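Participant: the following comprises the amino acid sequence and a computationally predicted model.
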Amino acid sequence: MQAKKTTAPSVWKFKLSTQVLVLIPAAVGINYVAKAFAEGLKLPLWLGSLGTYLASMLAGPIAGAISGFINNIIYGLTLSPISTIYSITSIGIGIAVGWLFRKGWFSSAKKVWIAGIIIALVSAIISTPLNVIFYGGQTGVVWGDALFAGLVAHSTPVWIASFIDEFVLDLLDKIVVGYLAYLIYKQLPQKLIYSFKD
């Protein structure tokens with residue numbers, strides 16, 4: 001049995017094909033359901049970038065960024081207004097996943113772990129200023145905010161405490177989502193994967 005190759009379109013090339021027009025709403029739907037599921041069960045992670053990962057892996061970073069951005073807007077208008085603020089974070093995630101995928105960082109389970117760390121860093125760097133400006137540095141996740149409160153109580157500057165809070169949560173979330181996306185991608189038909197190639 002021939003191994004499935006990890007293929008992707010040129011990193012920054014974006015073609016609004018029929019496949020992409022179908023993929024983006026599907027990715028938005030996956031993001032929406034996964035995030036609502038995580039929030040409903042009060043999980044210590046968000047899961048709301050699963051569709052973004054898949055769109056970026058299939059059609060490149062721009063498709064992933066659009067999917068993530070649209071999901072945050074829709075989610076913010078329907079379930080959680082705070083989500084809208086993080087639309088810019090979703091753009092960063094989509095770009096990071098698409099670039100890393102194109103560079104081969106989703107070609108093995110071991111590499112997915114490293115990709116997850118890099119994506120978590122990107123997400124935390126973008127989200128931390130938003131957390132500080134709008135929420136005093138907190139993320140809204142109980143155990144992460146407990147870490148934040150403990151750090152601030154021990155005289156850690158708010159920006160550093162907020163970054164640590166965000167990064168710890170992002171690290172868990174982006175690695176878990178990375179492996180979910182990796183496993184789903186490996187099960188997709190080759191015909192579907194190649195339909196997104198140049």
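Facilitator: That came through, no problem.

Participant: determine the longest helix present in this protein.
Facilitator: Scanning the chain for the helix with the most residues, using DSSP state H, yields helix 158-187.

Participant: show me how far it is from its chain's centre.
Facilitator: 8 Å (C-alpha atoms, centre = their mean, to the nearest Å).

Participant: can you list the buried residues in it?
Facilitator: 158, 161-178, 180-182, 185 (16 or more other C-beta atoms under 10 Å). Placement of C-beta: from N, CA and C, glycine included.

Participant: pLDDT below threshold where in this protein?
Facilitator: Residues of the chain meeting the criterion pLDDT under 70: 1-12, 198.

Participant: repeat that with 50
Facilitator: By pLDDT under 50, the low-scoring segments of the chain are 1-9.

Participant: for it, just list every one of the helices.
Facilitator: 18-40, 50-59, 61-78, 82-85, 87-102, 109-135, 142-153, 158-187, 190-194.

Participant: what's the most buried one of these?
Facilitator: helix 50-59 (a mean of 29; mean count of other C-beta atoms under 10 Å).

Participant: give me the residues contacting that one.
Facilitator: Applying C-beta atoms under 8 Å, 6 or more residues apart in numbering, the contact partners of helix 50-59 are 8-9, 14, 19-20, 23-24, 26-32, 34, 63-68, 71, 90, 93-95, 97-98, 101, 106, 177-178, 180-181, 184-185, 188, 192-193, 196.

Participant: again, only using 7 Å
Facilitator: With contact meaning C-beta atoms under 7 Å, 6 or more residues apart in numbering, helix 50-59 is reached by 8-9, 20, 23-24, 27-31, 34, 63-64, 67-68, 71, 90, 93-94, 97-98, 101, 106, 177-178, 180-181, 184-185, 193, 196.

Participant: and the spatially most central residue of the chain, its phi and psi?
Facilitator: Here the mean C-alpha position of the chain is nearest to the C-alpha of Ser49 (C-alpha atoms, centre = their mean), at a distance of 3.6 Å. Per-residue torsions, Ser49: phi -120, psi 10 (degrees, to the nearest 10).

Participant: how much space between it and Ile160?
Facilitator: Distance check for Ser49 against Ile160: by C-beta to C-beta, to the nearest Å, it reads 24 Å.

Participant: do Trp143 as well
Facilitator: Taken as C-beta to C-beta, the span from Trp143 to Ile160 is 18 Å.

Participant: what do you get for Leu121?
Facilitator: 15 Å.

Participant: all set now, cheers.
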